[in-house]
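K.L.:
Dropping a prediction and its sequence here:
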Amino acid sequence: MSDTKAKPIRLGLVGLGKIARDQHLPAIALTDDIELVAVASRNATLEGVACFPTIDALLASDVEVDAISLCTPPQGRRAQVAAAIAAGKHVMIEKPPGASTSEIPPLAALAEQAGVTLFATWHSRYAPAVEPARKWLAERTIRSVLVQWKEDVRHWHPGQDWIWEPGGFGVFDPAINALSIVTRILPRPFALESATLDVPSNRDQPVAAELSFTDTIGTPIRAELDFLQTGPQSWDIHVDTDNGMLTLSGGGKLMTHNGRVMLDAHEAEYRGLYRQFVSLVGRGESDVDISPLAHVADAFMLGRRRTVAPFDWNPA
Ligand SMILES: NC(=O)c1ccc[n+]([C@@H]2O[C@H](COP(=O)([O-])OP(=O)(O)OC[C@H]3O[C@@H](n4cnc5c(N)ncnc54)[C@H](OP(=O)(O)O)[C@@H]3O)[C@@H](O)[C@H]2O)c1
């Protein structure tokens, strides 16, 4: 891999669905050091690059790729990551990095043995207000935290049945983005104390949840999650401090202090992800943090389940 800095990284993208088209393809096009050369998707193709139905067909072909970017659902990622690493490819994974917490560390070990980069991405950590918030909070006393992550699944995830299957996480598919931010901006680790999960009677994954955490000195951290929010959508984190209320809104685009705007920046999360991938490959390093996924797993372990109304994509 000594020439990866000189030549662009030849990339194969796997899973040409919503996030691949909305974010990955535009970000890749803007990244000089990455060249998209192949796509693997069972039902979709892309003009101008080599197309395959599966990652295995791509890896077995004579199309040369240096790296794989996985944009498939979390179920089934483990085998895809393992196959890419076994073929000597660097790997970038959409969030969440897997469908279980225990599948990730062995993959990180395999990547290390193979001398390739494994980048388990958390795109929300690349939102513009995240690092400024982390630095601001490092100098304050935090009294409490409230996360409100409420979006309309029918609008943002139309027809994505995998989200309601085991390993799809239901409302935690978006909420893990909030957890990826709070695990980054808060100065101390925290752990779940209790949770309530609302599970539609015809589905396997929660449609809403309430979570109560405390950090290592007892600071309360609450989260309100909803997948049926119509009207204004909420991707907000409120941190009450000894110096007023810091709020991140819009998933980390906007930062306010006591209602006054401190930062309102253009979102470029996926450009940041691909820049980081290029940098990791260049330095021969990996970046794998499963702490947001561990909090979701804890919610499934500790959560009290309530059965709620059935969920249908097209309600009567
Ligand atoms: N949608 C968002 O707003 C968003 C934002 C950030 C991150 N993400 C993450 O990105 C990943 C993909 O999400 P997405 O929204 O792009 O999903 P999606 O629209 O369903 O796309 C995923 C693609 O993966 C392929 N795939 C391979 N195996 C599959 C399987 N067993 N079931 C369903 N599809 C399969 C499908 O293409 P083929 O049928 O052609 O194989 C599908 O189009 C998820 O981990 C999600 O959390 C999503």
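P.N.:
Good, I have the coordinates.

K.L.:
Can you dump the C-alpha atoms of the strand ranked longest in the chain in CSV for me?
P.N.:
As assigned by DSSP state E, the longest strand anywhere in the chain is strand 190-200. C-alpha atoms of strand 190-200 as CSV (Å, rounded to 0.1, in the frame of the first residue of the first chain):
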residue,chain,number,x,y,z
PHE,A,190,-22.1,7.3,30.8
ALA,A,191,-24.2,4.2,31.2
LEU,A,192,-27.9,3.3,30.9
GLU,A,193,-29.9,3.0,34.0
SER,A,194,-33.4,2.3,32.6
ALA,A,195,-35.3,2.4,29.3
THR,A,196,-38.8,1.9,27.9
LEU,A,197,-39.1,0.6,24.4
ASP,A,198,-42.4,0.9,22.5
VAL,A,199,-42.6,-2.0,20.0
PRO,A,200,-45.4,-2.1,17.3
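
K.L.:
Could you list the paired strands of it along with their orientation?
P.N.:
strand 208-215 (antiparallel), strand 303-308 (parallel) (DSSP bridges).

K.L.:
Pick out the residue of this protein closest to the ligand.
P.N.:
Residue of the chain nearest the ligand, by CB to the nearest ligand atom: Gly17 (1.7 Å). Placement of C-beta: from N, CA and C, glycine included.

K.L.:
Surely that residue touches Cys71?
P.N.:
Yes. Between Gly17 and Cys71 there is a contact under CB atoms under 8 Å: 6.3 Å.

K.L.:
hmm, back to that, I'd like to know how far the residue of the chain closest to the ligand sits from Tyr274.
P.N.:
18 Å (CB to CB, to the nearest Å).

K.L.:
Of these two, which one has the most company?
P.N.:
Tyr274 (25 against 17; other CB atoms under 10 Å).

K.L.:
measure the most centrally placed residue in the chain to Arg10 for me?
P.N.:
In the chain, the centroid-proximal residue (CA atoms, centre = their mean) is Lys95; its distance is 2.9 Å. According to CB to CB, Lys95 and Arg10 sit 24 Å apart.

K.L.:
Identify, out of the strands paired with strand 190-200, the most deeply packed stretch.
P.N.:
Highest mean neighbour count among the strands paired with strand 190-200 (mean count of other CB atoms under 10 Å): strand 208-215, with a mean of 20.

K.L.:
contact partners of it?
P.N.:
142, 171-172, 175, 186, 188-198, 220-228, 295, 299, 303, 308 (CB atoms under 8 Å, 6 or more residues apart in numbering).

K.L.:
go on, stretch 154-169?
P.N.:
Contacts of stretch 154-169 (CB under 8 Å, 6+ apart): 18, 73-75, 96, 99-100, 153, 170, 173-174, 176, 200, 203-205, 296, 311, 313.

K.L.:
again, 7 Å this time
P.N.:
73-75, 96, 99, 170, 173, 176, 203-205, 296, 313 (CB atoms under 7 Å, 6 or more residues apart in numbering).

K.L.:
so which of these are also by the ligand?
P.N.:
Contacts with the ligand within the contacts of stretch 154-169, counted by CB under 6 Å from any ligand atom: Pro73, Pro74, Asp173.

K.L.:
and stretch 231-244, C-alpha only, in CSV?
P.N.:
Provided in CSV are the C-alpha atoms of stretch 231-244 (Å, rounded to 0.1, in the frame of the first residue of the first chain):
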residue,chain,number,x,y,z
GLY,A,231,-44.4,18.2,11.2
PRO,A,232,-41.1,19.7,12.5
GLN,A,233,-38.5,17.1,13.0
SER,A,234,-36.2,17.1,16.1
TRP,A,235,-32.6,16.2,16.1
ASP,A,236,-31.7,18.2,19.2
ILE,A,237,-29.3,17.8,22.2
HIS,A,238,-29.7,20.2,25.1
VAL,A,239,-26.9,20.4,27.7
ASP,A,240,-27.7,22.4,30.9
THR,A,241,-24.5,23.7,32.4
ASP,A,242,-23.3,26.1,35.1
ASN,A,243,-23.0,28.6,32.3
GLY,A,244,-26.4,28.3,30.6
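
K.L.:
List the ones among the ones next to the ligand among the contacts of stretch 154-169 that fall in helices.
P.N.:
Of these, the ones assigned to helices by DSSP state H are Asp173.

K.L.:
which of the ones next to the ligand among the contacts of stretch 154-169 lies closest to Ala57?
P.N.:
Pro73 (18.9 Å; CB to CB).

K.L.:
what's the burial count for the closest one?
P.N.:
21.

K.L.:
Could you report the pLDDT at it?
P.N.:
pLDDT, Pro73: 98.

K.L.:
where does the residue lying closest to it once chain neighbours are set aside fall, phi/psi-wise?
P.N.:
Ranked by CB to CB, 6 or more residues apart in numbering and with sequence neighbours excluded, the top spatial neighbour of Pro73 is Trp162, at 4.2 Å. Recorded main-chain torsions at Trp162 are phi -60, psi -30, according to degrees, to the nearest 10.
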